[in-house]
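A.B. asks: pasting the sequence and the predicted model now:
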Amino acid sequence: MDSVTQKHKKDVKKTLVFHVISISSSRFATYGSARSPSDADDVSGELMEDLVEKSGHAVLGYELVSDDPSAIKMAVMDALQKDADIIVTTGGTGLTPTDVTIETLAPMFEKPMPGFGELFRYKSIDQIGSAVILTRAAAGTVGDKAIFCLPGSPGAVELALSDIILPEAGHVIKHIR
């Protein structure tokens, strides 16, 4: 890491607060509006909370919503009003007709972070090969908060959080505040 990057990462907020939103119509149909990933048999949601907490950050809340633009937007708008620094969604980033997370949230981004999706896809090649073209993982800022939209698979969640989001979270928040 060069000295400029090291300097930028100096004095970043050490403990950040995350809000997790899991987007899945099938899971929502089975479990309703669960308030914890264990209540919804949500492996990716549990992994998100575990990785965030093990890295020394906090999880403010969890929501399960269906692949419905209104439900997704309402959950994110609600999370933006809370004390979370970062909102992370999982699910709805693929190409099926019901995958509407990106169409719903990207218009809200005041500053898109295209480098996140680019780096995520680059790093995913080792795991999933050319199927990487099917992911539309994205990120952006809304006010002084960051939103990351991840695929629903546990492998994608682990890669995104461990290799990209958690190492850069404080740096991102420092810049947008």
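C.D. replies: Happy to help now that I have it.

A.B. asks: going forward, measure contacts and count neighbours with C-alpha atoms only.
C.D. replies: Fine.

A.B. asks: so Pro154 touches Ser44, yeah?
C.D. replies: Yes. Here Pro154 reaches Ser44: they are 4.7 Å apart, a contact under C-alpha atoms under 8 Å.

A.B. asks: tell me which of those two has more neighbours.
C.D. replies: Set Pro154 next to Ser44 and count neighbours by other C-alpha atoms under 10 Å: Ser44 wins out with 21 against 18.

A.B. asks: quick one: the more buried one and Ser24, what's the gap?
C.D. replies: 11 Å (C-alpha to C-alpha, to the nearest Å).

A.B. asks: strands along this protein, start to end?
C.D. replies: 17-23, 58-65, 86-90, 111-112, 138-142, 145-150 (DSSP state E).

A.B. asks: take those strands and lay them out in TSV including mean neighbour count.
C.D. replies: Putting the strands of the chain into TSV (neighbours: other C-alpha atoms under 10 Å) gives the following:
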stretch	mean neighbour count
strand 17-23	26
strand 58-65	21
strand 86-90	26
strand 111-112	16
strand 138-142	21
strand 145-150	25
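
A.B. asks: save the ones you listed as TSV, and put in mean pLDDT and distance to Asp126 too.
C.D. replies: Compiled in TSV, the strands of the chain are given as follows (pLDDT from 0 to 100; distance: least, C-alpha to C-alpha, whole Å):
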stretch	mean pLDDT	distance to Asp126
strand 17-23	98	25
strand 58-65	97	29
strand 86-90	99	20
strand 111-112	98	25
strand 138-142	99	19
strand 145-150	99	17
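
A.B. asks: now the closest residue to Leu95 other than its chain neighbours: how far from Gly92?
C.D. replies: Excluding its sequence neighbours, the residue lying closest to Leu95 (C-alpha to C-alpha, 6 or more residues apart in numbering) is Leu134, at 6.4 Å. Leu134 sits 11 Å away from Gly92, going by C-alpha to C-alpha.

A.B. asks: Ala75 too?
C.D. replies: In this view, Ala75 and Gly92 are 14 Å apart by C-alpha to C-alpha.
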